[in-house]
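> sharing a model that was predicted from the sequence below.
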Amino acid sequence: MSRKKLNFTDLQLLETIQSEYADAYLERIQNKSNNPNNSMVYLPIDLDKIAKKLGLPNGEPIFQRLYRHLEKKYGYKNSDGTQCAFFTPVAGEDKNCVSFAHLCAIVASLKDEQKDLKITRWIAIAGLCTAIVIPILIELLKVYFLGGKP
């Protein structure tokens, strides 16, 4: 396996899960009574399926990223001390579950951050171009209008 395939971003991983399981999540919340665990929070995902979508041979790198990295980053404790996991290997009878609503909020937040970074980058590029072009224009205008030496 090439190292490049392991270099997917958190956003790429989470967007892949979101696009793959959005319909299942909507169906789950619409048919609450048909849900055997009656859980609206956690949605089981097929790690091998997600891995294939990202060009990986199996779900182990996906599990490691979700459990070792993203769970630590996005899991939290409520004010009453109860733990709210972002990803859990077991939730009732289900395996490899994500808090899907939480995942969607994280994707939206990461997209906003990415958009903000692009805007900031373009502002910096515009400032750099201005800093380069203005002195050149001033010198050219001096030569053109004042007949001076550049």
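That came through, no problem. Numbering: from 1, shown residues only.

> distance between stretch 84-104 and the chain's centre?
Relative to its chain's centre, stretch 84-104 lies at 17 Å (C-alpha atoms, centre = their mean, to the nearest Å).

> could I get the buried residue list for that stretch?
If you call a residue buried by 16 or more other C-beta atoms under 10 Å, then stretch 84-104 has these buried ones: 85-88, 91, 94, 96-100, 102-104. Placement of C-beta: from N, CA and C, glycine included.

> ok, now stretch 113-120?
Within stretch 113-120, no residue counts as buried by 16+ other C-beta under 10 Å.

> C-alpha coordinates for that stretch, PDB please?
Presented in PDB, the C-alpha positions along stretch 113-120 are these (Å, rounded to 0.1, in the frame of the first residue of the first chain):
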ATOM      1  CA  GLU A 113     -12.300  26.500   8.700                       C
ATOM      2  CA  GLN A 114     -11.100  25.500   5.200                       C
ATOM      3  CA  LYS A 115     -13.100  28.300   3.700                       C
ATOM      4  CA  ASP A 116     -11.700  30.800   6.200                       C
ATOM      5  CA  LEU A 117      -8.200  29.600   5.400                       C
ATOM      6  CA  LYS A 118      -8.800  30.100   1.600                       C
ATOM      7  CA  ILE A 119     -10.000  33.600   2.200                       C
ATOM      8  CA  THR A 120      -7.100  34.400   4.400                       C
END
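
> now that stretch: average pLDDT?
In this model, stretch 113-120 has a mean pLDDT of 84.

> contact partners of it?
residue 11 (C-beta atoms under 8 Å, 6 or more residues apart in numbering).

> over to residue 54: give its phi and psi.
phi -100, psi 10 (degrees, to the nearest 10).

> now do residue 21 against residue 53, distance only.
11 Å (C-beta to C-beta, to the nearest Å).
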